[in-house]
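Asks: any chance you can model this:
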Amino acid sequence: MKMIILDRDGVINQDSDQFIKSPEEWIPIPGSLEAIARLNQSGWRVVLASNQSGVGRGLFGMDTLNAINAKMVESLAQVGGRLDAIFFCPHAADSTCDCRKPKPGLFKQIESRFNIDLTGVPMVGDSLRDLQAGRAVGCQTYLVLTGKGERTREDPELPPDTLIFPDLSAIADTLLLD
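Replies: All right, here's what the predicted structure looks like:
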């Protein structure tokens with residue numbers, strides 16, 4: 001099974017330091033939805049793993065998060081794409097949960113749900129915590145320079161062997177060459 005794991009904010013859609021708090025604020029990064037559709041059409045399973053601490057902070061509720069994700073799913077469908085699953089951590093940053101990236105809990109849930117070893121599976125993020133969570137379960141980490149990616153690229157804790165690309169579309173282009 002070919003699988004890729006994506007963070008949401010800063011990878012698929014534009015990010016905001018004030019959080020994406022409504023469907024109206026969810027704006028896809030140019031080319032990202034089409035990149036997912038191209039991966040789908042080539043037999044890739046595309047899974048989302050996202051921290052959504054705005055829920056835990058009380059900035060928005062589960063109904064709003066579901067509406068944001070519904071907009072994303074509908075936007076993907078319009079270009080022939082889909083997500084095979086959405087995993088998210090709704091807890092605030094000070095939570096002791098095991099699902100908030102950089103902890104690997106979301107990735108362990110993915111392993112369990114799909115009965116797959118994530119060693120070598122591509123994981124795309126724009127922040128250090130995304131990459132650290134993926135690396136904890138053996139994923140091949142990909143950093144996009146969208147979202148927080150430019151800042152993350154300069155972080156001395158960037159996992160070694162992380163592959164750096166301008167955006168999700170460039171990653172899809174590379175994976176589809178293999």
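
Asks: which pLDDT value goes with the nearest residue to Glu157 once chain neighbours are set aside?
Replies: Excluding the flanking residues, the one nearest Glu157 by Cβ to Cβ, 6 or more residues apart in numbering is Leu128, at 5.9 Å. C-beta coordinates here come from the backbone N, C-alpha and C atoms, glycine included. Here, the pLDDT recorded for Leu128 equals 98.

Asks: contacts only, for Leu128.
Replies: Leu128 makes contact with 102, 152, 155, 157-158 under the criterion Cβ atoms under 8 Å, 6 or more residues apart in numbering.

Asks: what about it, distance to Asn66?
Replies: Leu128 is 28 Å from Asn66, where distance means Cβ to Cβ, to the nearest Å.

Asks: and for Asp173?
Replies: Counting by Cβ to Cβ, the gap from Asp173 to Asn66 is 32 Å.

Asks: could you do Phe87 as well?
Replies: Distance from Phe87 to Asn66, by Cβ to Cβ: 14 Å.

Asks: again, but for Asp7
Replies: 18 Å.

Asks: in this structure, which spans are strands?
Replies: Ranges of strands in the chain, per DSSP state E, are 2-6, 44-51, 85-89, 122-125, 140-144, 163-165.

Asks: looking at those, which is buried most?
Replies: With neighbours defined as mean count of other Cβ atoms under 10 Å, these peak in mean count at strand 122-125, which reaches a mean of 28.

Asks: scan the protein for its longest helix.
Replies: The longest helix of the chain (DSSP state H) is helix 62-78.
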